[in-house]
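[1] sequence-free structure coming up:
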């Protein structure tokens, strides 16, 4: 047989867009390594470490435990603690058997997509949205279906829009992926609207996948959980945001009873189990609410500061920010190229932010996202630098 000297081809499933926020972070870190001082407002990462109780639990686990594989769905003490969390916060009785501990929320989304959707199915993405959703869907041969939200609708989805999108989609819609509070806009879907959307999904045979990783990070009314309104909904959550455990890579999902064995089989084969030390440590996180609420109060103060000061600098159109820890700003008066704008802001002013193109491929050229998850000192430094940044005017 004649040898084939050509290079093996690459899978088209790997041909996804980059995660721009991570690219910006990499560039910012490269500048820091060269001696520059950079203020990081680009990634959704708490500026505080994991709570003391979590770190103490990790230390004990490392010193006293083998830390081998766990059950694929997670250790029972953590699943029971998550179940109690739903009883305490939402007054819901969630069987621990319905809870799967995952490798961050990313593991939860992957398992959700694989368990509920066949190749070629469409997933509605209210937009702007977290970019990894659509990139993960593309890699799995699923079809992300962009649902452009409107300022006239307070940047929130509704049942009429859901029905319209399903009727007009070029592919059969298998799921709606809804985030509340949302990233990047911080929109919180109120209970009556979430209930209507959940009931409509059940009526239309569409799976509701509810991203609730920013729950407990709200600045007004609490965010409701989809579990209160639909027995068929899948909820994905994480210890990364409110619990300040991004690098621990630990999250969870709540699934309908008839899906637990499917999720377990997939988790066994894809992950074996979530990191054991992170599972033990996360079990202690629910006892650290006092420390975590103090951190959340700091976010609230950062939010007030930026909302007060950014308009005077030129960022005078900010989307609703009722939850999470982001401001999504319309910068059409300053630029029509958010990527170049953020590149210049990083290089010239030493402030890292994320272009809206990460969250909205069609309209994101006129938006930028700032994270206020850092310290108040970081916010002040960013504001000072932005105020002095003359080239920002187009």
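    Structure received. Please read these numbers as outputs of a predicted model, since none were measured by experiment.
[2] could you pull out the helices for the chain?
    Read by DSSP state H, the chain holds these helices, from start to end of the chain: 20-33, 52-64, 76-90, 104-116, 131-139, 159-168, 191-204, 260-270, 276-283, 289-313, 338-344, 376-387.
[3] Distance to residue 219 added to those helices, as JSON lines?
    Glycine gets a C-beta too; all of them are placed from N, C-alpha and C. Output for the helices of the chain, formatted as JSON lines (distance: least, Cβ to Cβ, whole Å):
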{"stretch": "helix 20-33", "distance to residue 219": "22"}
{"stretch": "helix 52-64", "distance to residue 219": "24"}
{"stretch": "helix 76-90", "distance to residue 219": "17"}
{"stretch": "helix 104-116", "distance to residue 219": "21"}
{"stretch": "helix 131-139", "distance to residue 219": "24"}
{"stretch": "helix 159-168", "distance to residue 219": "25"}
{"stretch": "helix 191-204", "distance to residue 219": "17"}
{"stretch": "helix 260-270", "distance to residue 219": "33"}
{"stretch": "helix 276-283", "distance to residue 219": "25"}
{"stretch": "helix 289-313", "distance to residue 219": "6"}
{"stretch": "helix 338-344", "distance to residue 219": "25"}
{"stretch": "helix 376-387", "distance to residue 219": "15"}
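[4] Tell me the buried residues in stretch 316-328?
    317, 318, 319, 320, 321, 322, 323, 324, 325, 326, 327, 328 (16 or more other Cβ atoms under 10 Å).
[5] from those residues, which ones fall inside strands?
    Taking DSSP state E, the ones among the buried residues of stretch 316-328 that sit in strands are 326, 327, 328.
[6] what's the spacing between the first one and residue 311?
    It stands for residue 326. 17 Å (Cβ to Cβ, to the nearest Å).
[7] With the second one instead?
    Plainly put, residue 327 is 11 Å away from residue 311 if you go by Cβ to Cβ.
[8] what is in contact with those two at once?
    Residues touching both residue 327 and residue 311 by Cβ atoms under 8 Å, 6 or more residues apart in numbering: residue 318.
[9] of all the helices of the chain, which lies closest to residue 220?
    Nearest of the helices of the chain to residue 220, taken as Cβ to Cβ: helix 289-313 at 10.2 Å.
[10] angle of that closest one against helix 76-90?
    60 degrees (axes from the mean of the first three to the mean of the last three Cα atoms, to 10 degrees).
[11] Please work out which residues outside helix 289-313 touch it.
    Here helix 289-313 makes contact (Cβ under 8 Å, 6+ apart) with 46, 48, 51-53, 216-217, 219, 242-244, 285, 316, 318, 321, 325, 327, 329, 370, 372-376, 379-380, 383, 386-387.
[12] how about a cut-off of 7 Å?
    46, 48, 51-52, 217, 219, 242-244, 318, 321, 325, 327, 370, 372-373, 376, 379, 383, 386-387 (Cβ atoms under 7 Å, 6 or more residues apart in numbering).
[13] Show the buried residues in the residues you listed.
    Buried, going by 16+ other Cβ under 10 Å: 46, 48, 51, 217, 219, 242-244, 318, 321, 325, 327, 370, 372-373, 379, 383, 386, out of the contacts of helix 289-313.
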